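S.K.: Give me coordinates for this.
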Amino acid sequence: MAKKLDGDFFFLSANDLMTGGVVFFSENGWSSGKSSAIKIKNSELKKYIEISKVEEKNCNIVSPTFVEIDEFGNIRKLRDRIRHEGVTVKFK
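M.R.: The predicted structure follows:
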């Protein structure tokens with residue numbers, strides 16, 4: 001997680017170690033649906049960076065990353081949208 005995090009809001013995303021599928025951190029742990037993902041404020045990133053380190057160390061997930069979202073929870077970057085939705089993405 002060396003990239004600079006400039007946005008206002010984020011989802012914590014990773015890959016499930018058992019299935020390889022994309023998962024999002026939610027109130028109840030990891031979820032395959034972004035609709036239940038916690039909307040993380042930039043000021044809260046430090047807390048969730050520590051959570052992601054523990055989760056990866058415990059072999060629950062691999063490759064945690066923070067996905068920049070807008071205030072409505074929409075993924076901002078095309079790369080992250082493709083990762084979540086697959087290669088059939090509607091371009092705006």
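
S.K.: For the residue nearest the centre of the chain, give me its contacts.
M.R.: Nearest to the mean C-alpha position of the chain, by CA atoms, centre = their mean, lies residue 13 at 2.2 Å. Contact analysis of residue 13 by CB atoms under 8 Å, 6 or more residues apart in numbering lists 22-25, 37, 64-67, 80, 83-84. For glycine as for every other residue, the C-beta is placed from the backbone atoms N, C-alpha and C.

S.K.: which secondary structure element contains it?
M.R.: According to DSSP states H and E, residue 13 maps onto strand 9-16.

S.K.: Past that strand, which element shows up next along the chain?
M.R.: strand 22-26.

S.K.: by contact count, what packs against that next one?
M.R.: strand 9-16, strand 29-31, helix 45-57 (3 or more CB pairs under 8 Å, 6 or more residues apart in numbering; DSSP states H and E).

S.K.: let's go with 6 Å and repeat that
M.R.: For strand 22-26, the helices and strands in contact under the criterion 3 or more CB pairs under 6 Å, 6 or more residues apart in numbering; DSSP states H and E are strand 9-16.
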